[in-house]
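Participant: coords please:
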Amino acid sequence: MLTSIGALLEEGAPAEQFLDRLLALQADATRARAGLLLRADPARPSDVDVLASRGGELEGEQAESWRQTAASLAAGADASGAVASRPCAGGTAVAGSISASAGARLVVVLLLDSGADLEQCAAIIALSGPLTSLHDQRQSGDPTTAPARVAIDVAGASNEEHSFRGAAIAAVNAFESRLGCERVALGLFHGSRMRLEAVSQTEKVIRTTDSTRRFERAMEECAAQDSVITADSKGAPPGSSAIARDAAELADHSGAGWVCMVPIRAGARVCGAIALERRAAEPFGRSEIAAAELASELVGPRLLELKQRDAWFGHRWAQSTRRAAAILVGPTHTWAKLVAIFLLAFVVASLVIQGPLRVTADCTVTAKGVRVIAAPFAGVVEEVLARPGDEVIEGQTVLARLGTSELELELVEATSRRSEAERRQSIARAANEAANVRIAEAEAAEAQARIDLLESRIASASLLAPLSGVVLRGDLSSAVGASVERGQALFELAPAGALEAELRVPSSSVAEVGVSSVGSFASVTFPGRRIALKIERLDPIATEIDGRSVFIARAEFTEDADWLRPGLVGVARIDAGTGSYAWLWTRRLTRWMRLKLWL
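Facilitator: The predicted structure is shown next:
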């Protein structure tokens, strides 16, 4: 690519043709699906002009999304040359400014496939800035464009190597031969300290020598000022405002007449420096300094990329972590960070904060100690004296009366049979007829048994309350005169205030509920009222109700409430301990997954 760019500069093509071919070279080098060269004015974000374009395979919504994303990235492009990226049309749109003007700037936007090397694309975009400036100067007749060929040759020599060490040595050797230097050294920052990486015509750098340390100090001095420094053994030339103490010391001890220190930049960041040494009779000219600056701009991004790629895994991981941390604590992506912080705080809180575990079960209020009043004999309802809700007193309150007229007639008949049997018994005894006496005695005993039975039934015809309490069921007011069978349930009574709760605990939650567990009950009728309860019994066998497997639990109310009535339905919540909210929210899913996956 550098050879093609050098040829393009030598042709001296018009600006429009140069930009169009430059975009084509960048698109080919990055294998971009599409590319745009735009002119954007930060003062007018909506005013974006298209100067050149490449790639026509996008259609419909993808093409429209590509144009809108490119315009948005161009409007927000950083003048420092920093590269921005954004997902677009199934790939990644990458944009970078290639002009340093504070006004309208040129922005290259390339559409890459997902997974493309963004760092390589950023390095290629970074080359465009100085090349564009050189082309503009050459078109205006500026004689300083002669060093362009030298800079491209240096960058080309470095680009032919595929390892950092090879590229660094090729670069310093090219600097030495193309600029006629005695010695050239290249250093890059390693963390916060400068480290000498390569010296021309030297296979291995020995880092413990005084010469190496003087090179590193002079390079740090240049990087700190972010400007070119030229100096001899006495210091910077007259009229220079640069601080050149370390550079002068390097020139004095190395025996070179002149030293030129050139910073190496990657975007807006200074990442290293190049030291060029010459004899005293050959000071550096403006054209040569310009060539060194341009060459450093071209080789810097490539060297950094190779250094990061060739580093061992731990170093690459540390650098990636450092960049991620810089994004995390930097001033960008504020909303995303706020959302991430909120989610992290939410997750941590859900894992740490304890909450109550409550098991929900359907519940019905039932009466405790219910007694059923059944018909003592088959008969007819003669009178009804009690209805559901009435309070009754044990042994005193008559609930209802059954008709006894037929029983009384049967009693008269039985009494008559007994009298007749006793008369026959007396006659047989007087006649000394033993057999007839025994027959008469048996008939009399049978009649007496019948009399006792009828008298008992007549006595039980008045249904008395067997306990003090309230009538739950048995509205027989419309059944007066109706026949009832023996044993037929007529009334249900319950002791006053003796109520309990019947809970239907789901089988999935029965392990969390036990005898003595406490909770509260709320009814459908009075949803705003709560009453405490305590489980007294839990059936050991499940029951299927409405297609669900449940365990029946009985609980007593530990508080008094005048609104409680037998038959009230609602929901009971049983306290089953505590746990983190994360566990409370996911326990059902976890249990289901363990059951399905057999974990």
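Participant: where does R565 land in three-state SS?
Facilitator: coil (DSSP: H, G, I helix; E, B strand; the rest coil).
Participant: Buried residues, stretch 426-438. List them.
Facilitator: 428, 437 (16 or more other CB atoms under 10 Å). For every residue, glycine as well, the C-beta is placed using N, CA and C.
Participant: quick one: terminal-to-terminal distance for it?
Facilitator: End-to-end distance for stretch 426-438: 11 Å, by CA to CA, to the nearest Å.
Participant: which residues sit against that stretch?
Facilitator: The contact list for stretch 426-438, computed with CB atoms under 8 Å, 6 or more residues apart in numbering, reads 424-425, 439-440.
Participant: Which of the residues you listed sits closest to R286?
Facilitator: Nearest to R286, judged by CB to CB, of the contacts of stretch 426-438 is I439 at 158.8 Å.
Participant: neighbours around the closest one, how many?
Facilitator: 15 (other CB atoms under 10 Å).
Participant: ditto for F18
Facilitator: Neighbours around F18, by other CB under 10 Å: 21.
Participant: State the distance from it to I98.
Facilitator: To I98, F18 is 12 Å away according to CB to CB, to the nearest Å.
Participant: Then G577?
Facilitator: For G577, the distance to I98 - CB to CB - is 66 Å.
Participant: Compare those two (neighbour count), which wins?
Facilitator: In this view G577 and I98 are compared by other CB under 10 Å, and I98 has more residues nearby, 23 against 10.
Participant: hang on, isn't the more buried one packed against L110?
Facilitator: No. With contact defined as CB atoms under 8 Å, I98 does not count as touching L110 (11.9 Å).
Participant: Give me the common contacts of the two.
Facilitator: In contact with both I98 and L110: I125, using CB under 8 Å, 6+ apart.
Participant: phi, psi of the residue in the chain sticking out farthest from the centre?
Facilitator: What lies farthest from the middle of the chain is A431; by CA atoms, centre = their mean that is 112.0 Å. As for A431, its main-chain torsions (degrees, to the nearest 10) stand at phi -90, psi 0.
Participant: How about P237?
Facilitator: Dihedral angles (degrees, to the nearest 10) for P237: phi -60, psi 160.
Participant: Could you count how many residues lie near it?
Facilitator: 14.
Participant: So which of the contacts of stretch 426-438 sit within strands?
Facilitator: Using DSSP state E, no member of the contacts of stretch 426-438 sits in strands.
Participant: Pull out the buried residues from those.
Facilitator: Buried among the contacts of stretch 426-438 (16+ other CB under 10 Å): 424-425, 440.
Participant: Would you tell me what the next helix or strand after the longest strand along the chain is?
Facilitator: Secondary structure of the chain per DSSP E: the longest strand is strand 354-367. Next in sequence after strand 354-367, counting helices and strands by DSSP states H and E, comes strand 371-374.
Participant: Extract the C-alpha trace of that following strand and format it as PDB.
Facilitator: Below are the C-alpha coordinates for strand 371-374, written out as PDB (Å, rounded to 0.1, in the frame of the first residue of the first chain):
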ATOM      1  CA  ARG A 371     -71.400 -31.700  65.400                       C
ATOM      2  CA  VAL A 372     -74.000 -33.100  63.000                       C
ATOM      3  CA  ILE A 373     -77.600 -33.400  64.200                       C
ATOM      4  CA  ALA A 374     -79.400 -36.300  62.400                       C
END
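Participant: what comes up buried for that strand?
Facilitator: So, applying 16+ other CB under 10 Å, buried residues of strand 371-374: I373.
Participant: Tell me which other helices or strands that strand touches.
Facilitator: If contacts are counted by 3 or more CB pairs under 8 Å, 6 or more residues apart in numbering; DSSP states H and E, strand 371-374 sits against strand 489-495.
Participant: pLDDT on the strand it packs on, on average?
Facilitator: What strand 489-495 shows for mean pLDDT is 87.
Participant: Would you list the strands that it pairs with, along with their directions?
Facilitator: Here strand 489-495 has these sheet partners by DSSP bridges: strand 371-374 (antiparallel), strand 469-473 (antiparallel).
Participant: next helix or strand past the helix-or-strand element of the chain with minimal mean pLDDT?
Facilitator: Sorted by mean pLDDT, DSSP states H and E, the helices and strands of the chain end with helix 2-11, the least confident at a mean of 56. Using DSSP H and E, the helix or strand that follows helix 2-11 in sequence is helix 15-30.
Participant: Give me the residues contacting whichever helix or strand comes after that next one.
Facilitator: Sequence-wise, the next helix or strand downstream of helix 15-30 (DSSP H and E) is strand 34-41. With contacts defined as CB under 8 Å, 6+ apart, strand 34-41 is touched by 19-20, 22-24, 26-27, 47-58, 66-67, 70-71, 74-75, 77, 103-111.
Participant: Doesn't G577 belong to a helix?
Facilitator: No. Under three-state DSSP, G577 sits outside any helix and is assigned strand.
Participant: Weed out the non-buried ones from the contacts of strand 34-41.
Facilitator: Of the contacts of strand 34-41, these count as buried by 16+ other CB under 10 Å: 19-20, 22-24, 26-27, 48, 52-55, 58, 66-67, 70-71, 74-75, 77, 104-111.
Participant: Just the ones in strands from those, please.
Facilitator: Per DSSP E, the buried ones among the contacts of strand 34-41 map to strands at 48, 52-54, 105-111.
Participant: looking at it, S240 is touching T230, isn't it?
Facilitator: Yes. The pair S240 and T230 qualifies as a contact (CB under 8 Å) at a distance of 7.3 Å.
Participant: Pick out whichever of those two has more residues nearby.
Facilitator: Neighbour tally, S240 and T230, criterion other CB under 10 Å: the higher count belongs to T230, 21 against 14.
Participant: in what helix or strand does the more buried one lie?
Facilitator: Using DSSP H and E, T230 falls in strand 229-231.
Participant: Pull up the pairing partners for that strand, direction included.
Facilitator: strand 258-266 (antiparallel).
Participant: ok, which stretches of the protein are helices?
Facilitator: For the chain, applying DSSP state H gives helices covering 2-11, 15-30, 60-75, 118-139, 147-159, 164-179, 210-225, 245-254, 286-310, 313-329, 334-352, 405-430, 434-459, 581-597.
Participant: possible to save those helices as CSV with distance to S85?
Facilitator: Shown next, in CSV, are the helices of the chain (distance: least, CB to CB, whole Å):
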stretch, distance to S85
helix 2-11, 23
helix 15-30, 12
helix 60-75, 8
helix 118-139, 6
helix 147-159, 24
helix 164-179, 25
helix 210-225, 28
helix 245-254, 39
helix 286-310, 16
helix 313-329, 13
helix 334-352, 15
helix 405-430, 104
helix 434-459, 101
helix 581-597, 35
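Participant: lowest-confidence stretch among these?
Facilitator: Among the helices of the chain, helix 2-11 scores lowest, with a mean of 56.
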